[in-house]
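# Sharing a model prediction with you, sequence too.
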Amino acid sequence: MVEGHDYRELKRDTEVDSVATLFLWVKGSAIGALAFLAGLGLVHFLVRMRYYGEAALAVAELGRWRVSSWVYYNAHLAPTRGASFGPGEAFAESGSTLALLAASNERLLGLYLLPPALLVVAGYVTAKRRPKNTSWLRAGLAVFVGYFFVAVVFMLVSTLQAPSGIPGLESIATEEVGPDPWFAIALAAIAYPAFFGMVGAMFGRRAPWRRRGRDRTPRHRR
């Protein structure tokens with residue numbers, strides 16, 4: 001009877017751990033995806049009024065959300081393939097739109113710190129609220145999966161065939177414009193979330209944690 005009781009306890013604990021681990025993967029992936037979307041939203045808000053002249057006309061034609069996504073990939077050190085936009089004009093060349101914008105406003109250099117900061121926070125939050133047997137490596141990988149997926153999707157949807165008639169883009173009318181796929185995948189989708197997500201998860205795993213409703217000392221009535 002004792003052995004049977006131990007077996008049932010072990011089975012129940014295993015089932016609980018499996019559910020908790022699945023929840024960790026879902027939660028971490030969701031947090032990783034939200035980290036990418038939050039960074040993209042902040043970049044769109046901060047640079048939306050930085051274009052004027054020919055650059056403003058080109059951005060309006062291509063879609064501000066699309067150019068903002070290119071700038072966010074630039075923040076991961078991934079260059080834009082086909083076009084980059086300065087504060088006063090559009091340049092039909094490969095390069096970093098963020099670097100050109102930051103040349104006239106040094107405050108925008110802080111956007112290079114945005115992806116690492118968001119990923120560290122995402123890894124920390126994922127690993128801090130965890131089952132007690134969860135390793136920081138698993139939490140970091142969960143964040144990586146979500147960030148990787150959204151980064152690849154936005155790379156694909158933000159790349160387009162450069163339309164003709166846009167000031168500054170006439171010479172690349174037959175080329176694709178968007179994040180350089182090799183750099184976008186290697187840096188934005190793999191290197192950044194793999195490293196900074198793991199760093200955040202490692203700090204989160206070391207943070208003190210208690211399960212809600214437990215480990216509380218009862219209050220004595222006076």
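Structure received. Numbers count the residues shown, from 1 in each chain.
# what does the lengthiest strand in the chain rub up against?
Determined from DSSP state E, the single longest strand within the chain is strand 176-179. With C-beta atoms under 8 Å, 6 or more residues apart in numbering as the test, strand 176-179 has contacts from 62, 66, 69-70, 73, 78-83, 155, 158-162, 169, 188. The C-beta positions use only the backbone N, C-alpha and C, and glycine is treated the same way.
# who's in contact with I190?
I190 neighbours (C-beta under 8 Å, 6+ apart): F148.
# Report the secondary structure state of it.
helix (DSSP: H, G, I helix; E, B strand; the rest coil).
# Low-confidence regions, the chain specifically.
1-20, 93, 129-134, 162-174, 207-222 (pLDDT under 70).
# Need the nearest residue in space to A189, chain neighbours excluded.
Distances taken as C-beta to C-beta, 6 or more residues apart in numbering place A151 nearest to A189, at 4.0 Å, with adjacent residues excluded.
# One more: G86?
Once flanking residues are discounted, G86 sits nearest to L100: 4.2 Å by C-beta to C-beta, 6+ apart.
# Tell me the buried residues within the contacts of strand 176-179.
62, 66, 69-70, 73, 78-83, 155, 158-159, 162, 169, 188 (16 or more other C-beta atoms under 10 Å).
# all helices of the protein, in order?
All helices of the chain, identified by DSSP state H, fall at 2-47, 54-62, 64-75, 97-104, 114-128, 136-157, 181-183, 192-206.
# Any chance of those in CSV with distance to F91 as columns?
Shown next, in CSV, are these (distance: least, C-beta to C-beta, whole Å):
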stretch, distance to F91
helix 2-47, 16
helix 54-62, 9
helix 64-75, 13
helix 97-104, 8
helix 114-128, 24
helix 136-157, 21
helix 181-183, 18
helix 192-206, 26
